[in-house]
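1. dropping a prediction and its sequence here:
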2 protein chains.
Amino acid sequence: MRDAYVIGAGQTAFGAMPAESYRSLFGTALARAVESVPGEFDRETVDEAVVGTLGVGGRQLGLSAPAATEHAGLGGIPCSRIENACAASGYAVRQAVQAVRSGMADVVLAGGVEVMSDTSSDVTKYWLGVSGETEWERLTGTTFAGVYAQMASAYLDKYGATGEDLSRVAVKNHANGANNPKAHLSFECSLEDAADAPIVADPLNLYHCCPTSDGAAAVLVASEDVAEEYSDDPVRVAGVGAASDRVGLFQREAYTAIPASERAAGRAYDRAGVGPGDVDFAEVHDCFAIAELLAYEDLGFCDRGEAPRLLAEGVTDPDGDLPVNPSGGLKSKGHPIGATGAGQVVEAFEQLTGQAGERQIPGATRGLTHNVGGSGGAAVVHILERESEVAR
Amino acid sequence: MRDAYVIGAGQTAFGAMPAESYRSLFGTALARAVESVPGEFDRETVDEAVVGTLGVGGRQLGLSAPAATEHAGLGGIPCSRIENACAASGYAVRQAVQAVRSGMADVVLAGGVEVMSDTSSDVTKYWLGVSGETEWERLTGTTFAGVYAQMASAYLDKYGATGEDLSRVAVKNHANGANNPKAHLSFECSLEDAADAPIVADPLNLYHCCPTSDGAAAVLVASEDVAEEYSDDPVRVAGVGAASDRVGLFQREAYTAIPASERAAGRAYDRAGVGPGDVDFAEVHDCFAIAELLAYEDLGFCDRGEAPRLLAEGVTDPDGDLPVNPSGGLKSKGHPIGATGAGQVVEAFEQLTGQAGERQIPGATRGLTHNVGGSGGAAVVHILERESEVAR
């Protein structure tokens, strides 16, 4: 089966944008992805589109994919919405890879979009809650922060970690996001700021939670047969892995890990023929601070219980051995649910093509993206590499 | 790229089933698909799942795919929800074909599910409405029946067709559905019954509209590399075609055709290397009577304006040259939104493997399924054939 390449990727800023709609945001993201293609590229070249969105607010719950693509000037092509809660557009990228590998399409747009800032907090709470298990989590009153708070409590208890370990995630990611012109919360925070924030769901405080954002992201995936027409040095999708799990946390085999992430990463590493030590940077799903710590362990960056040490020692800082979330992550860059997974791939594309500006990781040739749906009912991992720089 | 085959397919009955949930229905459909595989087949063989659902009633709006598959005993595999309104699971089957052709999976479950009968009529109206264009159709008061009524009005006006032409769709499909133990409305109706029914949205009356149903369907798609392990004579997916269009009818290039259907069919015929005259039967998307007439023309079964004649002459009757909707179609078999497209493939599988009982079309070797999202914002067509019987 033929390989798939990312030939272009772009996104809107993430943030609260009351003047925008899901359609305008999606159109902007596509326009930026098209601009990012090194060679001549006409959007009419796109054979197919996959749009990830949860549909927060219920704006266009049916046919939101054709509704978004028609506005973006992609008339008539096969397109569909994919939904896996917060992993919607990570899965959209994966589906684009399948479409290209299947021979049924040469260039596929994988994108995502969400508008979250114009609804009331009750509506937002509802729409976040739907990514939990309905009968036993949402309808019994558990908020989405509450689900991750249970994971955080279990982790702190099991490994003797502290609130400060959680706060360090915020400090690092805000420092990174301050260098990202597309970030929602693009300010730095101190360890004291993070530690003193009001509690959202104990032990998680405000700085341990990502914001709810508006935004869109778009990734252009092309087959090896045509990628060279658009780029001398496209980014290869070296590995893809996905997995699911019980939707309800209480039915999961572990509270101190996200097993779907571990399985998804294992598959992606296998397909790419690499391991965690071969990755130059990673964008991981830090919807809550505990999620970034779990990701270090689920993705094999360190042993179980070692994530706080990895973070505290600066290994995942931009100048560390394995920078994590150079974009600012969900915490600082923002988390427009359906756009997040594709947005991670946008960051990886910019890093791998040397276009990440002040966030640039020197010599980045292989990156990993990690996108989680709900509290771990779904996960998807991509390994992307700049082929020209990789010894194969 | 390797070919894809349907090795098994099954569904629940369609109807009002207050004791069932989306999970129990999906599990039953999968169990029946597994039972239908001729050889030994363990559901643990399934590599991946794609679940089509609109999510009517908002039961599990996020992560409904893992929620359905976990209950069906498919733990941990990659799975995602696909949504294209009423074409959700037609697209799920297409995505399964892509997954198999991509080499990333050998056996993929494409299914669909919807529970519609336990909500109030206002809730149902809302959830049907979301498949129209939100700003200019749903929010301005146009019901979904109202959208198709506009198409019916335009068609009757343009071609001098009559309400009786619409009613004949109901008479044929109810006669077919009366032979289908899985049909929701499994009774016959006379032309008088159909003509005298109360108006829903002029010119469409009650017999010109499909019911809202509960139900689930499941299709097992396998690669050519493994299909023979499970079946000596699997059903080949000879052609797949999909297309999108403007979601709002008022922005469409035609009211008297569904251009997305025409484009999707064109692609499917091209890929299969056949034409409309090579098809032995078809399951088409008759959500409203006008939709079946348009389908005849969009799929190339006859020229524009000729559909009423085709129907009246009995060409699409079970003993005609091109039987359409031998299952009873959406009109009589029922229309549980997310399950409909996969349910069409279930019927095609049963026809092609000689298991359609009293509905069996003698010698059926090639069938077409046609699934429409909304009023034509999306469409997907599959051409399936019993390879052993087809001269290639």
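-> Thanks, I have the structure now. Residues are numbered from 1 along each chain as shown, chains lettered A, B, ... in the order given.
2. counting neighbours, what do you get for the residue lying closest to A:H208 once chain neighbours are set aside?
-> Leaving aside its sequence neighbours, A:H208 sits nearest to A:A289 (CB to CB, 6 or more residues apart in numbering or on different chains; 3.9 Å). Where you see a C-beta, it was placed from the backbone N, CA and C, and this is true even at glycine. Number of residues near A:A289 (other CB atoms under 10 Å in any protein chain shown) recorded here: 30.
3. residues in contact with A:A289?
-> Residues in contact with A:A289 (CB atoms under 8 Å, 6 or more residues apart in numbering or on different chains) are A:152, A:166-167, A:169-170, A:204, A:207-209, A:331.
4. ditto for A:Q251
-> Counting by CB under 8 Å, 6+ apart, A:Q251 touches A:133, B:70.
5. centre of the chain to the helix or strand bottoming out on mean pLDDT in chain A, how far?
-> The weakest-scoring helix or strand in chain A, judged by mean pLDDT, DSSP states H and E, is helix A:121-129 (a mean of 85). Centroid separation for helix A:121-129 versus its chain: 20 Å, with CA atoms, centre = their mean, to the nearest Å.
6. give me the contacts around it.
-> Helix A:121-129 has contacts (CB under 8 Å, 6+ apart) with A:54, A:56-57, A:116, A:119, A:137-138, A:142-144, A:212, B:61.
7. show me the residues you listed that map onto helices.
-> Among these, the ones falling in helices (DSSP state H) are A:F144.
8. list just the nearest of the contacts of helix A:121-129 to A:V380.
-> A:L54 (15.0 Å; CB to CB).
9. distance of the residue nearest to A:H208 from A:A312?
-> According to CB to CB, to the nearest Å, A:A289 stands 13 Å off from A:A312.
10. same check, this time on A:G62
-> Counting by CB to CB, the gap from A:G62 to A:A312 is 48 Å.
11. neighbour count for these two, which is higher?
-> A:G62 (34 against 12).
12. spit out the contact partners of the spatially closest residue to the more buried one that is not a sequence neighbour.
-> Setting aside the residues directly before and after it, A:G62 is nearest to B:S131 in space (CB to CB, 6+ apart), at 3.5 Å. Each residue near B:S131 by CB under 8 Å, 6+ apart is listed here: A:62-63, B:54, B:85-86, B:144, B:337, B:373-375, B:377.
13. at 6 Å what do you get?
-> Counting by CB atoms under 6 Å, 6 or more residues apart in numbering or on different chains, B:S131 touches A:62-63, B:85, B:374.
14. on the three-state scheme, A:R81 is what?
-> Three-state assignment for A:R81 (DSSP: H, G, I helix; E, B strand; the rest coil): strand.
15. any idea what it is bridged to?
-> A:V51, B:E83 (DSSP bridges).
16. per-residue pLDDT, the residue positioned nearest the centre of chain A?
-> Nearest to the mean C-alpha position of chain A, by CA atoms, centre = their mean, lies A:G341 at 3.2 Å. As predicted, A:G341 sits at a pLDDT of 98.
17. can you give me the strands for the stretch 1-150 of chain A?
-> For the stretch 1-150 of chain A, applying DSSP state E, counting those that start in this stretch gives strands covering A:4-11, A:48-52, A:79-83, A:107-114.
18. hmm, I typed the wrong one, I wanted the stretch 251-392 of chain A.
-> Under DSSP E, counting those that start in this stretch, the stretch 251-392 of chain A gives strands at A:281-283, A:366-373, A:378-386.
19. hmm, who's touching the first one?
-> Meaning strand A:281-283. Applying CB under 6 Å, 6+ apart, the set of residues contacting strand A:281-283 from outside is A:323-326, A:344, A:347, A:361, A:364, A:367-369.
20. which member of those residues is positioned nearest B:L156?
-> Distance to B:L156, by CB to CB, is smallest for A:Q344 among the contacts of strand A:281-283, at 51.7 Å.
21. that closest one and A:V221: what is the separation?
-> On the measure of CB to CB, A:Q344 and A:V221 end up 14 Å apart.
22. repeat that for A:P211.
-> Using CB to CB, A:P211 is found at 28 Å from A:V221.
23. if you count surrounding residues, which of those two has more?
-> Looking at A:P211 and A:V221 with other CB under 10 Å, you find the greater number of neighbours at A:V221, namely 34 against 19.
24. am I right that that one is in a strand?
-> Yes - using three-state DSSP, the secondary structure at A:V221 is a strand.
25. how many neighbours does the spatially closest residue to it that is not a sequence neighbour have?
-> Counting by CB to CB, 6+ apart, A:A96 is the residue found nearest to A:V221 once chain neighbours are left out, at 4.1 Å. Here the count is done by other CB under 10 Å, and A:A96 has 31 residues near it.
26. quick check: closest non-adjacent residue to the residue in the stretch 151-300 of chain A that chain B sits nearest to.
-> Nearest residue of the stretch 151-300 of chain A to chain B (CB to the nearest CB) works out as A:A242 at 3.6 Å. Nearest non-adjacent residue to A:A242, counting by CB to CB, 6+ apart: B:P78, 3.6 Å away.
27. the one you found and A:G241 touch, don't they?
-> No - contact between B:P78 and A:G241 fails when scored by CB atoms under 6 Å: they sit 8.1 Å apart.
28. got phi/psi on A:A216?
-> A:A216 adopts backbone torsions of phi -150, psi 150, taken as degrees, to the nearest 10.
29. wouldn't it be in contact with A:I337 here?
-> No - taking contacts as CB under 6 Å, A:A216 lies outside contact range of A:I337: 11.3 Å.
30. compare these two (neighbour count), which wins?
-> A:A216 (36 against 32).
31. need the contact list for that one.
-> A:A216 is in contact with A:12, A:25-26, A:29, A:113, A:339, counting by CB under 6 Å, 6+ apart.
32. and what of A:A339?
-> Per CB under 6 Å, 6+ apart, neighbours of A:A339: A:112-114, A:215-217.
33. distance of A:A307 relative to A:L166?
-> Separation of A:A307 from A:L166 (CB to CB) stands at 11 Å.
34. and what of A:L293?
-> A:L293 is 7 Å from A:L166, where distance means CB to CB.
35. who's more crowded, those two?
-> Applying other CB under 10 Å to A:L293 and A:L166 shows that A:L293 carries more neighbours, namely 30 against 26.
36. wait, that one sits on A:A307?
-> Yes - using CB under 6 Å, A:L293 makes contact with A:A307 at a distance of 3.9 Å.
37. thinking again about what came up before, so the residue of the stretch 151-300 of chain A closest to chain B belongs to a strand, correct?
-> Yes - assessed with three-state DSSP, A:A242 lies in a strand.
38. so who does it touch?
-> Contacts of A:A242 by CB under 6 Å, 6+ apart are A:94, A:264, A:380, B:78.
39. how about those in a markdown table, adding pLDDT?
-> Shown next, in a markdown table, are the contacts of A:A242 (pLDDT from 0 to 100):
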| residue | pLDDT |
| --- | --- |
| A:R94 | 98 |
| A:A264 | 98 |
| A:V380 | 98 |
| B:P78 | 98 |
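40. out of those residues, which is nearest to A:E297?
-> Distance to A:E297 across these (CB to CB) is lowest for A:A264, with 13.8 Å.
41. what sits against that closest one?
-> Counting by CB under 6 Å, 6+ apart, A:A264 touches A:241-243, A:379-381.
42. for A:L63, which non-adjacent residue is spatially closest?
-> Nearest non-adjacent residue to A:L63, counting by CB to CB, 6+ apart: B:G377, 4.4 Å away.
43. what about that neighbour, how many residues close to it?
-> Around B:G377 there are 33 other residues, counting by other CB under 10 Å.
44. helix or strand for the closest residue to A:I290 other than its chain neighbours, which one?
-> Nearest non-adjacent residue to A:I290, counting by CB to CB, 6+ apart: A:A152, 3.9 Å away. Under the criterion of DSSP states H and E, A:A152 resides in helix A:144-159.
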